[in-house]
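Enquirer: Here is my input; please provide its structure:
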Amino acid sequence: MSSSDIFIGETIGTAVLILLGGGVCAAVTLKASKARAAGWLAIAFGWGFAVMTAVYISAPLSGAHLNPAVTLALAIKDNDYSNLATYWGGQLLGAMIGAALVWVAYYGQFLAHLTDSEIVGGSGKPAVKAVEAEEAAAGPVLGVFSTGPEIRNAVQNLATEIIGTVVLVLAILTQGLNNDGDGLGVLGALITSFVVVGIGLSLGGPTGYAINPARDLGPRIVHALLPLPNKGGSDWSYAWIPVVGPLIGGAIAAGIYNVAFA
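Expert: Predicted coordinates for the structure are as follows:
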């Protein structure tokens, strides 16, 4: 596959991933959304279906990595780093595009949410924030865009992201690859989507399971740039964990695969 196919495929695929994944977070979080308070099951399955849809769309072009940790693991597995930057660039751009589309789709809900005194405070009422936003550095809708921990402990949070990503990438390397071994196959897309649901249900509680650096960093940048009223901060002090943790997890998974399965 050519560099242009890789970049275009990863941009489109990751944009769809974040549009649908971020979309379910918006649906569950924002006021005036018909799905508000639908709960963690909705989020877990929404992200799983987002992965499946994005993989099927982008696999013919790029192999549907859609995750820098997956790309790094495949590069380590094959000892080929020639397309690493192209994959990562498309993934980050796609994640930003997807996050911007979530904002467009839920524009009215974002305004209603962020101008409600029960949410942002005012008229003597204290602000009510999502759990992800309880730190002063995080705004009340940041959880729609990126992840945040329930308990802020850097070592635990980093370990959680590493563990979740190892599970994801090992599942992809052992069960999800296409015949060429350079991306996800047709059956692999289905397997991977259910693995993502399982990770969300089992390991998502502590940090919100980024398990994908682009999924967290791209939308966090968009949150920082968007002209949302009363949006608060983007919690940059935490932002390194959902980037570094999944990359470490991807590298560990590739090492385990090369030792135990290759």
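Enquirer: Would you check that N67 makes contact with R215?
Expert: Yes - the criterion here is C-beta atoms under 8 Å, and N67 meets it with R215 at 7.1 Å. C-beta coordinates here come from the backbone N, C-alpha and C atoms, glycine included.
Enquirer: average pLDDT across stretch 139-147?
Expert: Stretch 139-147 shows a mean pLDDT of 96 in the predicted model.
Enquirer: just the CA coordinates of that stretch, formatted as PDB?
Expert: Extracted as PDB, the C-alpha positions of stretch 139-147 are listed here (Å, rounded to 0.1, in the frame of the first residue of the first chain):
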ATOM      1  CA  GLY A 139     -13.700  21.200  32.200                       C
ATOM      2  CA  PRO A 140     -17.200  19.900  32.500                       C
ATOM      3  CA  VAL A 141     -17.400  18.400  28.900                       C
ATOM      4  CA  LEU A 142     -13.800  17.300  28.600                       C
ATOM      5  CA  GLY A 143     -14.900  13.700  29.100                       C
ATOM      6  CA  VAL A 144     -16.700  13.900  25.800                       C
ATOM      7  CA  PHE A 145     -13.400  14.500  24.100                       C
ATOM      8  CA  SER A 146     -10.700  12.700  26.100                       C
ATOM      9  CA  THR A 147     -10.200  10.500  29.200                       C
END
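Enquirer: can you give me the helices in the protein?
Expert: In the chain, the helices defined using DSSP state H lie at 3-29, 40-62, 68-78, 84-105, 107-114, 117-120, 142-145, 154-171, 186-203, 213-225, 241-260.
Enquirer: Please report how far the most centrally placed residue in the chain lies from A38.
Expert: When C-alpha atoms, centre = their mean is applied to the chain, the residue found nearest the centroid is R215 (3.0 Å). Shown here: R215 relative to A38, a distance of 20 Å by C-beta to C-beta, to the nearest Å.
Enquirer: ok, back up a step: how about the residue nearest to the centre of the chain, nearest residue that isn't a chain neighbour?
Expert: Nearest residue to R215, sequence neighbours excluded (C-beta to C-beta, 6 or more residues apart in numbering): A95, at 5.9 Å.
Enquirer: just checking, what packs against the helix or strand of the chain with the lowest mean pLDDT?
Expert: When the helices and strands of the chain are scored by mean pLDDT, DSSP states H and E, helix 117-120 comes last with a mean of 85. Here helix 117-120 touches no other helix or strand, going by 3 or more C-beta pairs under 8 Å, 6 or more residues apart in numbering; DSSP states H and E.
Enquirer: Now that helix: buried residues?
Expert: When burial is assessed from 16 or more other C-beta atoms under 10 Å, helix 117-120 yields the following buried residues: 119-120.
Enquirer: Check stretch 60-72 too.
Expert: 61-72.
Enquirer: Distance to G233 for the residues you listed - can I get that in TSV?
Expert: As requested, the buried residues of stretch 60-72 are arranged in TSV below (distance: C-beta to C-beta, whole Å):
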residue	distance to G233
L61	36
S62	34
G63	36
A64	33
H65	30
L66	27
N67	26
P68	24
A69	26
V70	30
T71	29
L72	29
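Enquirer: and the residues you listed as a markdown table, adding pLDDT?
Expert: Formatted as a markdown table, the buried residues of stretch 60-72 follow (pLDDT from 0 to 100):
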| residue | pLDDT |
| --- | --- |
| L61 | 97 |
| S62 | 97 |
| G63 | 96 |
| A64 | 97 |
| H65 | 97 |
| L66 | 98 |
| N67 | 98 |
| P68 | 98 |
| A69 | 98 |
| V70 | 98 |
| T71 | 98 |
| L72 | 98 |
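Enquirer: Go through the residues you listed and name the one nearest I162.
Expert: Among these, A69 lies closest to I162 (C-beta to C-beta), at 9.9 Å.
Enquirer: Could you verify my assumption that the closest one touches I211?
Expert: Yes - A69 lies in contact with I211 (C-beta under 8 Å); the separation is 7.1 Å.
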